[in-house]
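Asks: Structure for this input, please:
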Amino acid sequence: MAKVDPSPERFRELMLGEEPGFEEVMTCVFGVQNHEVRTYLMLLDHPSSTVEELAELLDRDRSNVNRSLSTLREKNLADRERRLLDGGGHIYQYSATPVEEARELMHQTLDEWTAYVHERIDEFGLGER
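Replies: Prediction:
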């Protein structure tokens with residue numbers, strides 16, 4: 001399970017916004033940036049992409065795309081597969097976690113965070129100040 005530490009500001013923005021979309025919910029629940037969500041969505045449309053291919057598609061620097069992919073992998077939203085090249089060496093190809101699994105992961109992550117918040121509320125006023 002991906003550890004998440006959502007910021008209260010993001011949840012406030014999400015709750016006060018007018019019908020947030022999948023991208024807004026994803027940034028809030030997983031604590032990722034908009035460019036990381038864009039990378040995830042691009043991977044959905046272009047599975048088995050390399051960093052170089054994604055960088056071109058997203059019009060971003062390869063090092064930035066690499067960081068986004070690392071974050072997505074940490075959050076269990078992307079996988080990396082090593083492919084051997086005919087001439088020797090290897091290359092990594094990335095694919096997004098399927099939407100159905102990402103949805104379930106979002107539900108689980110949010111449920112865990114909600115349970116944590118409920119515990120803090122229940123503990124309020126029980127200890128010494």
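
Asks: Which SSE is immediately downstream of the strand or helix carrying Ser63?
Replies: Assigned by DSSP states H and E, Ser63 belongs to helix 62-74. Downstream of helix 62-74, the first helix or strand assigned by DSSP H and E is strand 78-84.

Asks: Now do that following strand against helix 62-74, angle only.
Replies: Computed by axes from the mean of the first three to the mean of the last three Cα atoms, to 10 degrees, the angle separating strand 78-84 from helix 62-74 equals 120 degrees.

Asks: For strand 78-84, name the packing helices and strands.
Replies: The helices and strands touching strand 78-84, judged by 3 or more Cβ pairs under 8 Å, 6 or more residues apart in numbering; DSSP states H and E, are helix 34-45, helix 62-74, strand 90-96. Where you see a C-beta, it was placed from the backbone N, CA and C, and this is true even at glycine.

Asks: Recalculate using a threshold of 7 Å.
Replies: Packing partners of strand 78-84 (3 or more Cβ pairs under 7 Å, 6 or more residues apart in numbering; DSSP states H and E): helix 62-74, strand 90-96.

Asks: CA-only coordinates of the longest one in PDB, if you can.
Replies: When you say that, I think you mean helix 62-74. The C-alpha coordinates for helix 62-74 follow below in PDB (Å, rounded to 0.1, in the frame of the first residue of the first chain):
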ATOM      1  CA  ARG A  62      13.700  13.500 -19.400                       C
ATOM      2  CA  SER A  63      15.000  14.000 -15.800                       C
ATOM      3  CA  ASN A  64      11.600  15.400 -14.800                       C
ATOM      4  CA  VAL A  65       9.800  12.500 -16.400                       C
ATOM      5  CA  ASN A  66      12.100  10.100 -14.600                       C
ATOM      6  CA  ARG A  67      11.200  11.700 -11.300                       C
ATOM      7  CA  SER A  68       7.500  11.600 -12.100                       C
ATOM      8  CA  LEU A  69       7.800   7.900 -13.000                       C
ATOM      9  CA  SER A  70       9.700   7.200  -9.700                       C
ATOM     10  CA  THR A  71       6.900   8.800  -7.700                       C
ATOM     11  CA  LEU A  72       4.200   6.900  -9.700                       C
ATOM     12  CA  ARG A  73       6.000   3.700  -9.000                       C
ATOM     13  CA  GLU A  74       6.300   4.500  -5.300                       C
END
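
Asks: Cool, thanks, talk later.
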